[in-house]
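Undergrad: Got a predicted structure plus its sequence, pasted below:
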Amino acid sequence: MDADGKIAAIHTIAGIAAGYISFIVKNEAIAILIALVILYIMGQVSERIFGKEEIGGVKGWLWSGIVPFFFVWIIVWVIFLNI
């Protein structure tokens with residue numbers, strides 16, 4: 001698996017965790033803030049693991065990290081809210 005796939009997998013797992021934490025918090029503003037903090041931390045972790053050149057800068061992190069994180073986070077949060 002190339003670096004983009006690994007970055008997407010890391011951010012997907014973080015999105016699942018952020019979705020569950022957002023469900024537990026019950027306050028939307030705090031849940032969004034927690035998700036943004038988790039996203040930032042995962043970005044820093046990915047940068048340390050793979051290096052800035054491998055990620056491709058902000059554009060690479062946007063498509064390989066932020067987009068999968070956002071969609072998985074929203075989907076998991078909605079699923080838990082509807083249980």
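TA: Looks like it came in fine.

Undergrad: Tally up the residues packed near E53, please.
TA: Number of residues near E53 (other Cβ atoms under 10 Å) recorded here: 9. Bear in mind the C-beta positions are built from the backbone N, C-alpha and C, glycine included.

Undergrad: For F71, see how far away it is.
TA: 26 Å (Cβ to Cβ, to the nearest Å).

Undergrad: Same check on G51?
TA: Distance from G51 to F71, by Cβ to Cβ: 26 Å.

Undergrad: Remind me which helix or strand the residue nearest the centre of the chain belongs to.
TA: Geometric centre of the chain, nearest residue: F69, 3.3 Å, by Cα atoms, centre = their mean. Assessed by DSSP states H and E, F69 sits inside helix 67-81.

Undergrad: Return the list of helices and strands in contact with that helix.
TA: Contacts defined by 3 or more Cβ pairs under 8 Å, 6 or more residues apart in numbering; DSSP states H and E place helix 67-81 against helix 3-25, helix 28-50.

Undergrad: isn't the residue nearest to the centre of the chain right up against A18?
TA: Yes. Using Cβ atoms under 8 Å, F69 makes contact with A18 at a distance of 7.4 Å.

Undergrad: Which neighbours do these two have in common?
TA: Counting by Cβ atoms under 8 Å, 6 or more residues apart in numbering, the common neighbours of F69 and A18 are L39.

Undergrad: ok so, going back, buried set for the helix holding F69?
TA: The neighbour-count check on helix 67-81 (16 or more other Cβ atoms under 10 Å) flags P68, F69, V72, W73, V76, W77 as buried.

Undergrad: Can you tell me, leaving aside adjacent residues, what's nearest to the fourth one?
TA: Think W73. Nearest residue to W73 in three dimensions, chain neighbours excluded: G15, at 4.2 Å (Cβ to Cβ, 6 or more residues apart in numbering).

Undergrad: Do me a favour and average the pLDDT over stretch 22-29.
TA: For stretch 22-29, mean pLDDT rounds to 94.

Undergrad: residues contacting M42?
TA: So M42 contacts I10, H11, A14, G65, F69 (Cβ under 8 Å, 6+ apart).
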